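> Build me a model from this:
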Amino acid sequence: MFEKVNPRHPDKVADRIAGALVDLAYRFQENPRIAVEVLIGHGVCHIIAETSICISRDEVTAAVHRIAGNLEVDYAEVAQDAHLSRNQSGRIRCGDNGIFKGVPVTEEQKKLSTIAKAIYEKYPFDGKYILNGDRLIICQSNAKRKELKAEYPGAEINPLGDWSGGTDVDSGATNRKLGSDMADSVTGGGLHGKDLSKADVSVNIYAWLKAQETGVPVEYCCAIGDECIDGIPYEEIVKTARAFINKLGGFERFAEWGLV
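Below you'll find the predicted structure:
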């Protein structure tokens with residue numbers, strides 16, 4: 001059983017905006033410190049950024065308008081906590097406590113991700129999809145139901161009828177769709193809106209990659225300030241996560257579909 005949402009789902013729109021601001025931070029600094037929370041809906045986008053560098057309100061507004069449309073932007077920016085800054089000074093150390101696991105993606109999860117991306121390519125609007133054995137549920141806004149029915153016979157399509165979707169219908173918040181992004185690898189940490197020093201980002205990515213590589217689940221535990229996790233230098237974990245993000249094209253692109 002697996003649920004997938006597409007990049008136009010309000011929660012994913014929030015993730016993408018958060019990712020865009022992290023991308024901006026990395027444009028200005030090689031190793032910025034930033035954590036972004038986004039709440040979006042009904043014409044307004046609220047953003048709080050705890051960051052080591054200043055991002056101009058104009059750049060924030062431009063990112064929101066590009067991703068979500070011409071919304072009112074409420075942006076609050078504060079400096080990163082001084083204790084956290086000192087912990088990160090001079091060396092690459094783990095930026096948070098946490099437990100993390102990576103689990104190989106199942107055939108069912110791969111199948112639904114393929115379906116979701118194919119539908120989104122044709123209908124780039126808010127959508128959510130569920131696969132439970134032979135039961136496929138497709139909720140796709142602004143879609144031609146007959147066309148979807150012809151392509152996916154037997155699927156349950158828009159059970160309550162046509163709908164418009166988007167942030168005028170539903171609010172969105174960062175890291176609220178981790179099940180869609182991580183499948184069985186979900187733990188307590190959120191993937192989006194944070195720099196690579198944060199274990200929520202780097203260790204989650206590293207664990208997921210290792211599980212896909214080995215074909216078996218892996219688990220890691222870390223404390224803030226750790227320079228090694230289970231014998232692995234944290235610098236190596238960050239380097240692996242950075243390469244993965246760069247290959248995708250940045251944090252905003254990562255936020256579109258997550259890890260699965």
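
> domain assignment for the protein?
When the chain is parsed with automatic domain parsing, its domains come out as 2-6+106-157, 10-86, 98-105+175-257.

> In TSV: the ones you listed, plus distance to residue 167 and mean pLDDT.
Using the backbone N, CA and C atoms, a C-beta is placed for each residue, glycine as well. Shown next, in TSV, are the domains of the chain (distance: least, CB to CB, whole Å; pLDDT from 0 to 100):
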stretch	distance to residue 167	mean pLDDT
domain 2-6+106-157	9	96
domain 10-86	5	95
domain 98-105+175-257	13	96
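
> Could you name the stretch from the ones you listed that's closest to residue 168?
domain 10-86 (6.3 Å; CB to CB).

> and the end-to-end length of that closest one?
One end of domain 10-86 to the other measures 36 Å (CA to CA, to the nearest Å).

> now stretch 77-94
Chord length of stretch 77-94, first to last residue, is 23 Å (CA to CA).

> Return the list of helices and strands in contact with the helix ranked longest in the chain.
Across the chain, the longest stretch assigned as helix under DSSP state H is helix 10-28. In this structure, helix 10-28 packs against strand 34-41, strand 44-51, helix 57-68, strand 172-173, helix 251-257, with contacts taken as 3 or more CB pairs under 8 Å, 6 or more residues apart in numbering; DSSP states H and E.

> Between helix 57-68 and it, find me the angle.
In terms of direction (axes from the mean of the first three to the mean of the last three CA atoms, to 10 degrees), helix 10-28 departs from helix 57-68 by 140 degrees.

> Would you mind listing the buried residues in helix 10-28?
10-26 (16 or more other CB atoms under 10 Å).

> Check stretch 97-108 too.
98, 100, 101, 102, 103, 104, 105.

> The fourth one bridge partners, please.
What it means is residue 102. residue 218 (DSSP bridges).

> I'd like the distance between it and residue 216.
According to CB to CB, to the nearest Å, residue 102 and residue 216 sit 9 Å apart.

> and if you look at the fifth one?
Relative to residue 216, residue 103 is positioned 9 Å away (criterion: CB to CB).

> The third one now?
According to CB to CB, residue 101 and residue 216 sit 11 Å apart.

> hang on, the earlier thing: now do the longest helix of the chain: distance to the chain's middle.
9 Å (CA atoms, centre = their mean, to the nearest Å).

> What angle do strand 34-41 and it make with each other?
Using the same axes, to 10 degrees: helix 10-28 against strand 34-41 is 150 degrees.
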